[in-house]
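Q: Dropping a prediction and its sequence here:
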Amino acid sequence: MRTSRCMLANVTKMLDFYSQFNPSPLSIKQFIDFGLSACERKSFVFLRKELPVRLSNIMKEIHLLPDNLLRMPSVCLVNDWYIRSFQEILEFEQADINDKMLTKFCQALVKIRNRHTDVVQTMAQGVLELKESHEVDQATENSIQYFLDRFYMSRISIRMLINQHTLLFGGNLNGHSRHIGCIDPQCDPIGVVQDAYENARFLCDQYYLASPELVVKSHNELEPNSPIRIVYVPSHLYHMLFELFKNSMRAVMEYHGSSCENYPPLEVTVVRGKEDICVKVSDRGGGIPRSHMDQLFNYMYSTAPEPPKTDAHTVPLAGYGYGLPISRLYARYFHGDLILLSCEGYGTDAIIYMKALSNEANELLPIFNKTSTKFYRTSIPTGDWSNQNSSMGVRHLTMGNPRRPVLPSSSLSEEHVRC
Ligand code: P4A
């Protein structure tokens, strides 16, 4: 189905209108308070404006992508999905609120969620199409890294809003569950650790015919001896841990080789402090050199054609796809973080940070404005530190991975080149 010129003119107008508004971030506490008072009309009125605002803010950025990427068929497809979903939500802009309309709205949200299921895979395909058809320069790579972090974060947030509304009001009453939408106010992080470990271990056993054991330690600083409970979205925590376990298992199995008798166990430490909850996954998988660290979070670098799947034993455990960068977005989404610390020659620690207080766990959302626009227009920043290989004039990554408080920090693989 092609979108006509007249329809596109109207969409452009509405995009300009809604993208003037900043998205309204909600805290986990607000999601919960809202879920407990559960007023479908209020939610409808909020979402029929907030969804177009979030969609338009990120759609404006899609159009700032480098032209050669925008022209890739998979990127066009994703863009069309966004246009269609944006239009479908706008149909409720002026609607009278009655039960029939509320039901229609829920159905529209489910349809949109399904349409966008394969966005990550399809964008990755688009990046692959670009890599295979063009020489990609550093400026383009920086733009892609910056964009995909913001784009996937926007997607996580939009799916969160849709999931909350459809779970709370979609009819499938689940009265005996303590969940409020997809939030568990009494989430047991050690339980999620064990789940994620078991599922990663299943894949590891299939591929390597063995797997490292798990040792869990925990410390509750506030109430010693009582179990740690957090207010969180368990599926997000599971996603991050599953990814980290696959990486750790792969590192351990590859480093120690198939003739090893006793693989060193994975150690997980779960700690509740006053401000943060930390989950640390430690392995003795040989670690990675500091110079390779950035690559693990780099979308361009992680984009490779899927390996051929002949049978279960030939699918590698980890390493293809956007596991780490997207896991870090899940952590940052509620103002937490995910970091890797590695000692080359020994092993790697991965730490997931979460906010301990649900009123501090605010959504972190990309905003379309002059600053974000400028990013796509600026080429490579001029370096103000010398290069490691400066004497030879070799272009090289120099800075480590300084942590900045907000999202754009992942696009740190700038080249520090004297321009
Ligand atoms: N050593 N340490 C890790 C990896 C290696 C590691 C690794 C070779 C690299 C790439 C990869 C999976 C593992 C680890 C834990 C982590 C991340 C990396 O969370 O031990 O797939 C991309």
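A: It's in.

Q: what are the ranges of the strands in this protein?
A: 184-187, 214-220, 230-232, 266-272, 276-283, 337-343, 347-355 (DSSP state E).

Q: As CSV, the ones you listed with mean neighbour count and mean pLDDT would be great.
A: Glycine gets a C-beta too; all of them are placed from N, C-alpha and C. Formatted as CSV, the strands of the chain follow (neighbours: other C-beta atoms under 10 Å; pLDDT from 0 to 100):
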stretch, mean neighbour count, mean pLDDT
strand 184-187, 18, 97
strand 214-220, 14, 98
strand 230-232, 23, 97
strand 266-272, 21, 98
strand 276-283, 22, 98
strand 337-343, 17, 98
strand 347-355, 22, 98
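
Q: just so I know, which of these lies nearest residue 170?
A: Closest to residue 170 of the strands of the chain is strand 184-187 (C-beta to C-beta; 18.2 Å).

Q: Could you export that closest one as PDB, CA atoms only?
A: This file holds the C-alpha atoms of strand 184-187, laid out as PDB (Å, rounded to 0.1, in the frame of the first residue of the first chain):
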ATOM      1  CA  ASP A 184       6.300  -6.000  39.600                       C
ATOM      2  CA  PRO A 185       6.300  -4.000  42.900                       C
ATOM      3  CA  GLN A 186       7.900  -6.900  44.600                       C
ATOM      4  CA  CYS A 187      10.300  -8.100  42.000                       C
END
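
Q: change the start of the numbering to 397 and stick with it
A: Sure, I'll start counting at 397 from here, so that last one is strand 580-583.

Q: Partner strands of it, with direction?
A: strand 626-628 (antiparallel) (DSSP bridges).

Q: Need the residues that contact the partner strand.
A: Applying C-beta atoms under 8 Å, 6 or more residues apart in numbering, the external contacts of strand 626-628 come out as 424-425, 428, 579-583, 585, 668, 673, 730, 750, 752, 754, 757.

Q: need the contact list for residue 449.
A: Residues in contact with residue 449 (C-beta under 8 Å, 6+ apart) are 414-415, 417-420.

Q: what's the most distant pair in these?
A: 415 and 420 (14.1 Å).

Q: between the contacts of residue 449, which is closest to the ligand?
A: When the contacts of residue 449 are ranked by distance to the ligand (C-beta to the nearest ligand atom), residue 419 comes first, at 30.4 Å.

Q: With adjacent residues omitted, what lies nearest to the closest one?
A: Spatial nearest neighbour of residue 419, excluding adjacent residues (C-beta to C-beta, 6 or more residues apart in numbering): residue 761 at 4.5 Å.

Q: do residue 666 as well
A: residue 614 (4.2 Å).

Q: Touching, the one you found and residue 584? I think so.
A: No - counting by C-beta atoms under 8 Å, residue 614 stays clear of residue 584, with 10.6 Å between them.

Q: Now do the shared contacts for these two.
A: Both residue 614 and residue 584 are in contact with residue 624, where contact means C-beta under 8 Å, 6+ apart.

Q: who in this protein is up against the ligand?
A: 640, 643-644, 646-647, 679, 681-684, 692, 714-715, 736, 744, 746 (C-beta under 6 Å from any ligand atom).

Q: Any quick ChimeraX command for the buried ones out of those residues?
A: In ChimeraX, this line selects whichever of those come out buried by 16 or more other C-beta atoms under 10 Å:
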select :640,643,644,646,647,679,681,682,683,684,692,714,736,744,746
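
Q: Any idea how many residues pack against the closest residue to residue 691 other than its chain neighbours?
A: Spatial nearest neighbour of residue 691, chain neighbours left out: residue 697 (4.6 Å); criterion: C-beta to C-beta, 6+ apart. Under the neighbour criterion other C-beta atoms under 10 Å, residue 697 is assigned a count of 15.

Q: Repeat that for residue 469.
A: Other residues within reach of residue 469, judged by other C-beta under 10 Å, total 10.

Q: Same list, the contacts of residue 449, but as CSV with pLDDT and neighbour count please.
A: Converted to CSV, the contacts of residue 449 look like this (pLDDT from 0 to 100; neighbours: other C-beta atoms under 10 Å):
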residue, pLDDT, neighbour count
414, 97, 23
415, 96, 21
417, 97, 16
418, 96, 13
419, 97, 22
420, 97, 13
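
Q: so how far is the ligand from the closest residue in space to residue 403 that isn't next to it in sequence?
A: Counting by C-beta to C-beta, 6+ apart, residue 403 lies nearest to residue 483, which is 7.6 Å off, once chain neighbours are set aside. Counting by C-beta to the nearest ligand atom, to the nearest Å, the separation of residue 483 from the ligand is 38 Å.

Q: what about residue 483, neighbour count?
A: Based on other C-beta under 10 Å, the number of other residues close to residue 483 is 16.

Q: Okay, it and residue 630: tell me how far apart.
A: Distance, residue 483 to residue 630, by C-beta to C-beta, to the nearest Å: 33 Å.

Q: How about residue 696?
A: Remark: distance between residue 696 and residue 630 (C-beta to C-beta) = 31 Å.

Q: can you check residue 676 too?
A: For residue 676, the distance to residue 630 equals 19 Å [C-beta to C-beta].

Q: about what we covered before: tell me the one among the contacts of strand 626-628 nearest to residue 549.
A: Ranked by distance to residue 549 (C-beta to C-beta), those are led by residue 730 at 11.2 Å.

Q: doesn't residue 752 make contact with that closest one?
A: No - look at residue 730 against residue 752 with C-beta under 8 Å: they stay out of range, at 11.2 Å.

Q: of those two, who's got more company?
A: Per other C-beta under 10 Å, whichever of residue 730 and residue 752 has more neighbours is residue 730, with 25 against 20.

Q: Look at the nearest residue to the more buried one once chain neighbours are set aside and report its pLDDT.
A: Leaving aside its sequence neighbours, residue 730 sits nearest to residue 757 (C-beta to C-beta, 6+ apart; 4.0 Å). On the pLDDT scale, residue 757 is placed at 96.

Q: just to revisit the earlier point, and the contacts of residue 449, which is closest to residue 439?
A: Nearest to residue 439 among these, counting by C-beta to C-beta, is residue 420 at 13.3 Å.

Q: Now that closest one: closest residue in space, sequence neighbours ignored.
A: In space, and not counting its chain neighbours, residue 420 is closest to residue 446: 6.1 Å by C-beta to C-beta, 6+ apart.
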